[in-house]
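Asker: coordinates only, sequence not included:
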């Protein structure tokens, strides 16, 4: 299992609209091969900052399967207009988990 | 439920040693009031970068309870020597979750 993660910074004043769009886009990503689960976490200290967490079965399910799909273009078009700047998305593997993953 | 999160950057060459120290420090944080679970996620693209994720029942369980405790001093002393620079830790609440949290 792989974790896709990154901070998202939303154009000031568009946070509520972004959260609605994110929820609307959920079925797109949730329908993809290798998708396990995803979350959008809202920062308490910094308005407009979010942490995106998406779990995939493999790295390629995200980087090749999803990013290479027509569904990704729809997903991206729905959410990218809210980002300022464009996010840096990285991938992580579990080094430690309590309870175990 | 609150998510404590932040990127950790480890002094180059000390990653394996840090991961051992992190596992050894786990019982300290896991014994605290309001602690739910925690993970250390290792970045695939950038060596020495990690994502720390700790779930607490309330914000104050972390910011007041844990950070104000003698246990925190032990935890901090065990892990801070590996950080370069010192991490920025923030708190998040769930804006969206699939499946629901």
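Answerer: Ah, there it is. All figures in this text were calculated on a predicted structure; none of them were measured in a lab.
Asker: near chain B, which residues of chain A show up?
Answerer: Contact residues, chain A versus chain B (CB under 8 Å from any CB of the partner chain): A:2-3, A:5, A:19, A:22-23, A:26, A:30, A:37-46, A:49-51, A:59, A:90-99, A:101. Backbone N, C-alpha and C define where each C-beta goes, glycine included.
Asker: list buried residues within those residues.
Answerer: Listed as buried from these are A:2-3, A:5, A:19, A:22, A:26, A:38-43, A:49-51, A:90-92, A:95-96, A:98; burial here means 16 or more other CB atoms under 10 Å in any protein chain shown.
Asker: check the offset of stretch A:28-43 from the chain's centre.
Answerer: Distance, stretch centre to chain centre, for stretch A:28-43: 6 Å (CA atoms, centre = their mean, to the nearest Å).
Asker: neighbouring contacts of that stretch?
Answerer: Contact partners of stretch A:28-43, identified using CB atoms under 8 Å, 6 or more residues apart in numbering or on different chains, comprise A:1, A:8, A:19, A:22, A:26, A:49-58, A:60-62, A:65-66, A:69, A:71, A:74-75, A:78, B:3, B:5, B:90-99, B:101.
Asker: how long is that stretch end to end?
Answerer: The first and final residues of stretch A:28-43 sit 24 Å from each other (CA to CA, to the nearest Å).
Asker: surely residue A:52 forms part of a helix?
Answerer: No - with DSSP: H, G, I helix; E, B strand; the rest coil as the criterion, residue A:52 is strand rather than part of a helix.
Asker: I figured it hits residue A:5, correct?
Answerer: Yes - using CB atoms under 8 Å, residue A:52 is in contact with residue A:5, at 6.4 Å.
Asker: strands of chain A, start to end?
Answerer: Here chain A has its strands, by DSSP state E, at A:2-9, A:35-43, A:49-56, A:90-98.
Asker: make TSV from the ones you listed and add mean pLDDT to it.
Answerer: What follows is these, written out as TSV (pLDDT from 0 to 100):
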stretch	mean pLDDT
strand A:2-9	98
strand A:35-43	98
strand A:49-56	98
strand A:90-98	98
